[in-house]
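> have a look at this fold, sequence not included:
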């Protein structure tokens, strides 16, 4: 995650000027350019920063709280073969020793 998209979209606003509407707009614009998972990671980073601002006394509420994250779907999944499983477990045992 890079802070560049957040700064480009919201960086000129004061912390208390970031509203749920701004976050929603950021989500929609960002989703046009990257995957739902990347968009959600950016929003999670924003939520983290704003929660920190709340703990420091700069904000009283987090506007990300009112925004629904995007559905990421099941993602990429595959079934490993028995041989792959054995090799993985052998390496894990060697690493744990």
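The structure has been received and is ready for your questions. None of the values given here were measured: they were computed from a predicted structure. Numbers count the residues shown, from 1 in each chain.
> which residue ranges of the chain form helices?
For the chain, the helices defined by DSSP state H occupy 4-10, 20-31, 36-55, 82-96.
> in CSV: those helices, plus distance to residue 74, mean neighbour count and mean pLDDT.
For glycine as for every other residue, the C-beta is placed from the backbone atoms N, C-alpha and C. Putting the helices of the chain into CSV (distance: least, CB to CB, whole Å; neighbours: other CB atoms under 10 Å; pLDDT from 0 to 100) gives the following:
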stretch, distance to residue 74, mean neighbour count, mean pLDDT
helix 4-10, 25, 15, 90
helix 20-31, 18, 16, 95
helix 36-55, 11, 16, 95
helix 82-96, 20, 9, 90
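> make CSV out of the ones you listed and add distance to residue 64.
As requested, those are exported to CSV (distance: least, CB to CB, whole Å):
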stretch, distance to residue 64
helix 4-10, 11
helix 20-31, 5
helix 36-55, 4
helix 82-96, 37
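> residue closest to the middle of the chain?
residue 41 (1.2 Å; CA atoms, centre = their mean).
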